[in-house]
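Chemist: structure for this input, please:
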Amino acid sequence: MDRKKIFEKHDKQNSFIRVTSPKPVEGSQKAALNRKGNQLFNDGDIEAAMRVFLTTGYSDGLSRVGDHYKSKNRPLEALRMYWLAPDRKKSESLIEQAAFVLQNLIHENEQEQSDG
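Modeler: Below is the predicted model of the structure:
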């Protein structure tokens, strides 16, 4: 398994978790941006809504974007949104699923090595 290719594939999808916080936006401007983000989300422009919610740090909006990604079978993007929201209940569920998959891959790899 070529790990570099795996990471490059996900890097192009912008799916790694950013851990820095956005710069704060002032109250009235934040409210106006959040309304615009909600409108974009409701109109189906999820990517633009996500950028607005990331800018304002709007946790409910980020969590809804995460729900959208999860429904589209994009768990890494969903995890990123949940983590930034922060919605630990939803992010922990995805982390547990990822851990289960990794454990199975490790177990399969160990079995292949012992059989070979």
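Chemist: quick one, helices of the chain?
Modeler: In the chain, the helices defined using DSSP state H lie at 3-12, 27-42, 46-56, 59-71, 75-84, 88-115.
Chemist: got the ones you listed as TSV, with mean pLDDT and mean neighbour count columns?
Modeler: For every residue, glycine as well, the C-beta is placed using N, CA and C. Formatted as TSV, those follow (pLDDT from 0 to 100; neighbours: other CB atoms under 10 Å):
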stretch	mean pLDDT	mean neighbour count
helix 3-12	54	9
helix 27-42	95	14
helix 46-56	95	19
helix 59-71	97	19
helix 75-84	94	22
helix 88-115	91	11
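Chemist: what's the separation between the residue most central in space within the chain and residue 41?
Modeler: Central residue of the chain (CA atoms, centre = their mean): residue 80, 2.3 Å from the mean position. Using CB to CB, to the nearest Å, residue 80 is found at 16 Å from residue 41.
Chemist: which ones are touching residue 96?
Modeler: Residue 96 makes no contacts at all, as judged by CB atoms under 8 Å, 6 or more residues apart in numbering.
Chemist: quick check: the gap between it and residue 52.
Modeler: According to CB to CB, residue 96 stands 30 Å off from residue 52.
Chemist: try residue 94
Modeler: Distance from residue 94 to residue 52, by CB to CB: 23 Å.
Chemist: from residue 102, how far out is residue 113?
Modeler: From residue 113 to residue 102 the distance is 16 Å (CB to CB).
Chemist: revised request: answer the last question for residue 73.
Modeler: Distance of residue 73 to residue 102, computed by CB to CB: 18 Å.
Chemist: go on, residue 84?
Modeler: 22 Å.
Chemist: residue 45 now?
Modeler: Look at residue 45 and residue 102: by CB to CB, they are 34 Å apart.
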